[in-house]
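>>> What follows is a predicted structure for the sequence shown.
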Amino acid sequence: MVSHKDFFFRKAVLKTNYLTKEQLQQLQEKQDSELSLEEVALEEGLITPEQLEVIHKHIQKEMNLGVTRELPGVVKRSRAPKKQYAHYEILEEISQTPIGRVYKARNTKNDNRVAIKEISPEEECAAIDLERFFQDIERTKSLEHPHIERIYEIHKDNDPPFFVTELISGQSLKKVKSHGMSVLRAVEVVQKIAQALHFAHEKNVYHRNLTPENIFIDSAGDPIVTEFGIIQREYDVGGIKILGTPHYMSPEQARGIQRQIDQQSDIFSLGIIFYEMLSKKLPFEGKNLEDIVANIQVQTPTPLCKVDSQIPKAIEYITERALKKDRKQRYKSADEMGQDLDLYLQGKEVINDHFFYKNFKAILAVVIVIIIAVSIFLLGK
């Protein structure tokens, strides 16, 4: 999903006419996970520091005052936040996202604090297929797991439509990992994310856009996976429509094969996140969107032990298996990946166990041949 900062930068830079839509698209293709759009624009010399100052003023003005727009099929109205959504009293605005505003609210029926996620009538959201969007939300609502964001209510007929989720106190994994994370801590976090994914996959719910931005670390230090299947950016690469976040796509996503975007795809995305947490760099990079998409399909990431010799071989093995290009060579399930991570946490063998299990028949055949050969030799004597 587009970051809040990029979302507002994109709106302001078009409003000031400093950049065209084509130039913005080029910037997005050059953008990596660590740099914002404005940082890329400055690096490329497409805007000056003085222009950036004007852009920031536009952003601040919009966030403070709200914006009124007139759109085809959308009633013109103030974007000033409402004070009440159904039986929820708005306490404060938490953030603004590409799909609308997020509020901290109080349920007047039981006094619980929740998050209200509004679907904005703004231009950027006009193309959203609301019916499909709420179908995705409804599927996620059925998931009750300690590491999956809980969705309480859906109000699709409200004006504007919104849904209610648990209020997560914490930071995104993107922010947390930027401060550095030990191997052990990374393994603990990813193992719990794998548990959450497996639970969802068992109910035929797939994330399809797993990134560090939609995983939160709560106040207890536990990961919470959010936004299962919700609003993905669409890209056109060589005439092929691909969905997701480029740096975190699976090869099948990068090829635009929608029917294959399932649990195997989520496992690959989790492998990318794990690799990045451990190495502080992405396994697949490129100068532009086309390069990134191509590299995901054909490039082999630098082995983790070459990036950092302190990373254990077992962890390198787990990451490499999750990042196999061939879906059949990846972990069969997120649970299987989670089990390997759990073995590591318990101080047990990971690689040797897999080698013996996967090659049991071959090993048995060799042992039988040796026994027969030895028997023939002894009988010959």
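Yes, it's here.

>>> nearest spatial neighbour of L35, skipping sequence neighbours?
The shortest distance from L35 to any non-neighbouring residue, by Cβ to Cβ, 6 or more residues apart in numbering, is to E43 (7.7 Å). The C-beta positions use only the backbone N, C-alpha and C, and glycine is treated the same way.

>>> Mind checking what secondary structure L27 has?
helix (DSSP: H, G, I helix; E, B strand; the rest coil).

>>> which ones are touching it?
19, 37, 40-41, 44, 46 (Cβ atoms under 8 Å, 6 or more residues apart in numbering).

>>> go with 10 Å
6, 9-10, 13, 19, 35, 37-41, 43-44, 46-47 (Cβ atoms under 10 Å, 6 or more residues apart in numbering).

>>> go on, E149?
E149 is in contact with 115, 140, 143, 165-166, 168, 196, 214-216, 224-228, counting by Cβ under 10 Å, 6+ apart.

>>> still on that earlier bit, please convert the buried members of the contacts of L27 into PyMOL selection syntax.
PyMOL command restricting the contacts of L27 to the buried ones, with burial defined by 16 or more other Cβ atoms under 10 Å:
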select buried, resi 6+9+10+13+19+37+38+40+41+46+47
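
>>> just to revisit the earlier point, could you identify the buried members of the contacts of E149?
For the contacts of E149, buried by 16+ other Cβ under 10 Å: 115, 140, 143, 165-166, 168, 196, 214-216, 224-228.

>>> Which ones among these map onto strands?
115, 165-166, 215-216, 224-225 (DSSP state E).

>>> Which stretches in the stretch 51-200 of the chain count as helices?
130-141, 173-178, 183-202 (DSSP state H, counting those that start in this stretch).

>>> quick one, strands of the protein?
Applying DSSP E to the chain gives strands spanning 84-85, 88-97, 100-107, 113-118, 151-155, 162-166, 170-172, 215-218, 223-225, 234-237, 240-243.

>>> low-confidence ranges in the stretch 251-381 of the chain?
352-367, 377, 380-381 (pLDDT under 70).

>>> From the contacts of L27, which land in helices?
6, 9-10, 13, 37-41, 43 (DSSP state H).

>>> Tell me which two of these sit farthest apart.
R10 and E43 (16.7 Å; Cβ to Cβ).

>>> how close does S219 get to G170?
6 Å (Cβ to Cβ, to the nearest Å).

>>> circling back to that earlier point, I'd like to know which of the ones in helices among the contacts of L27 is nearest to G338.
G338 lies nearest to D6 out of these, by Cβ to Cβ, at 32.3 Å.

>>> Tell me, how many residues neighbour R113?
12 (other Cβ atoms under 10 Å).

>>> And it, how close does it get to T165?
The gap separating R113 from T165 is 11 Å, by Cβ to Cβ.

>>> just P312 next, same as before
36 Å.

>>> Next: L27.
31 Å.

>>> How about I151?
5 Å.

>>> D308 now?
For D308 relative to T165 (Cβ to Cβ), the value is 36 Å.

>>> Check the buried ones among the contacts of E149 against L304 and report the nearest one.
After measuring the buried ones among the contacts of E149 against L304 - Cβ to Cβ - the closest member comes out as I215, at 20.1 Å.

>>> Quick check: chain neighbours aside, which residue is closest to G338?
A194 (3.5 Å).

>>> Verify the contact between H87 and N158 for me.
No. Assessed by Cβ atoms under 10 Å, H87 is found out of contact with N158, at 11.5 Å.

>>> Have a look at S219 and G170 and say which one is more surrounded.
Neighbours were counted for S219 and for G170 using other Cβ under 10 Å; G170 has more, 16 against 9.

>>> contacting residues around the more buried one?
In this structure, G170 makes contact with 176, 216-224, judged by Cβ under 10 Å, 6+ apart.

>>> In the stretch 1-150 of the chain, where is pLDDT below threshold?
In the stretch 1-150 of the chain (pLDDT under 70), the answer is 1-5, 32-34, 60-82, 98, 121-129.

>>> how about a cut-off of 50?
Residue ranges of the stretch 1-150 of the chain with pLDDT under 50: 1-2, 63-79, 123, 127.

>>> Against P303, how distant is D157?
Counting by Cβ to Cβ - D157 and P303 are separated by 53 Å.

>>> When the two are compared, which one has more neighbours?
Using other Cβ under 10 Å, the more surrounded residue of D157 and P303 is P303, with 13 against 7.

>>> surely the more buried one meets L278?
No. With contact defined as Cβ under 10 Å, P303 does not reach L278; the gap is 11.4 Å.

>>> Now do the shared contacts for the two.
311, 316, 319.

>>> quick one: which of those sit in helices?
Per DSSP H, the subset of those in helices is 316, 319.

>>> Would you check how far apart Y344 and L19 are?
47 Å.

>>> cool, N112 as well?
44 Å.

>>> again with R330
Taking Cβ to Cβ, one finds R330 at 40 Å from L19.

>>> now do Y103
31 Å.

>>> before we move on, what about H207?
H207 sits 32 Å away from L19, going by Cβ to Cβ.

>>> Kindly report the same for D266.
Taking Cβ to Cβ, one finds D266 at 34 Å from L19.

>>> How about I116?
Taking Cβ to Cβ, one finds I116 at 33 Å from L19.

>>> same question, S250
31 Å.

>>> Please apply the same query to A12.
A12 sits 10 Å away from L19, taking Cβ to Cβ as the criterion.

>>> shared neighbours, these two?
Joint contacts of A12 and L19 (Cβ under 10 Å, 6+ apart) are I55.

>>> what's near enough to touch V190?
173, 215, 223, 270-271, 273-274, 277-278, 315, 318-319, 322, 337-338, 341.

>>> change it to 6 Å
F274 (Cβ atoms under 6 Å, 6 or more residues apart in numbering).
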